[in-house]
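1. Just to be clear, the model below is a prediction. Sequence and coordinates:
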Amino acid sequence: MARKSKTAKQVAEARKQLKGATKELGKARRKAVDTARKTAKEVAKTRDAKQAKKQLKAATGAAKVAVGAASTLAKTAIDAGRKSAKGLGKSKEVKSVKKTARKAADATKKAARSTAKDARKSGSAAIKQARASSAAAAKKAQKRSSATAKTVKKKVSS
């Protein structure tokens, strides 16, 4: 049989110690849980614990009532909110806001219309002026050409 090396022996010893420590840790945990359970049972039997239990029952009942009350309160708040919103539409402030908004919309429409009208007017005026000036220029050019034609005829005939 082959001899174990020193390191193998040390590793085996370490494993053995770890297993023992783990077992002891488990035992300690179980003991702690048992002790806690026993203590809890003993505490539950005391007068203070019984009073606390009764208070807890009363508090849970009150909490249920409070939850019911809170839900009804929420419903009431929603209804009140709806009613006040309906009334708000009829208030003086909202009416004045509607009026001013309508006036602003009308003013912007008017402005848009008037700018279009002005553009058409100024455009047509510019066209008229351009026609007039071009007609005048054409007349001038015709006069000059006829005048030059006359002078050329005179020079040619003489």
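-> Cool, the structure landed.
2. quick one, helices of this structure?
-> With helices called from DSSP state H, the chain shows them at 6-45, 47-89, 92-157.
3. Would you reformat the ones you listed as TSV and include mean neighbour count and mean pLDDT?
-> C-beta here means a position set from N, CA and C on the backbone, and glycine is covered the same way. Listed next are those as TSV, based on neighbours: other Cβ atoms under 10 Å; pLDDT from 0 to 100:
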stretch	mean neighbour count	mean pLDDT
helix 6-45	10	80
helix 47-89	10	74
helix 92-157	10	75
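4. so what's the backbone phi/psi at residue 5?
-> Main-chain torsions, residue 5, degrees, to the nearest 10: phi -80, psi 170.
5. Check the spacing between residue 33 and residue 40 real quick.
-> 11 Å (Cβ to Cβ, to the nearest Å).
6. now swap in residue 62 and tell me
-> Distance, residue 62 to residue 40, using Cβ to Cβ: 26 Å.
7. now do residue 122
-> Distance from residue 122 to residue 40, by Cβ to Cβ: 97 Å.
8. for residue 47, same thing?
-> 16 Å.
9. for residue 61, same thing?
-> Noted for residue 61: a distance of 24 Å to residue 40, by Cβ to Cβ.
10. same thing with residue 127?
-> 103 Å.
11. same check, this time on residue 135
-> Distance, residue 135 to residue 40, using Cβ to Cβ: 115 Å.
12. Please apply the same query to residue 92.
-> Distance from residue 92 to residue 40, by Cβ to Cβ: 68 Å.
13. Equivalent analysis for residue 148, please.
-> For residue 148, the distance to residue 40 - Cβ to Cβ - is 130 Å.
14. likewise residue 143?
-> Distance of residue 143 to residue 40, given as Cβ to Cβ: 126 Å.
15. Then residue 93?
-> 64 Å.
16. likewise residue 24?
-> Computed as Cβ to Cβ, the residue 24 to residue 40 distance reads 25 Å.
17. Likewise for residue 80?
-> Residue 80 is 49 Å from residue 40, by Cβ to Cβ.
18. now do residue 145
-> In terms of Cβ to Cβ, residue 145 sits 126 Å off from residue 40.
19. just residue 72 next, same as before
-> Relative to residue 40, residue 72 is positioned 39 Å away (Cβ to Cβ).
20. Please apply the same query to residue 57.
-> In this structure, residue 57 and residue 40 are 19 Å apart, going by Cβ to Cβ.
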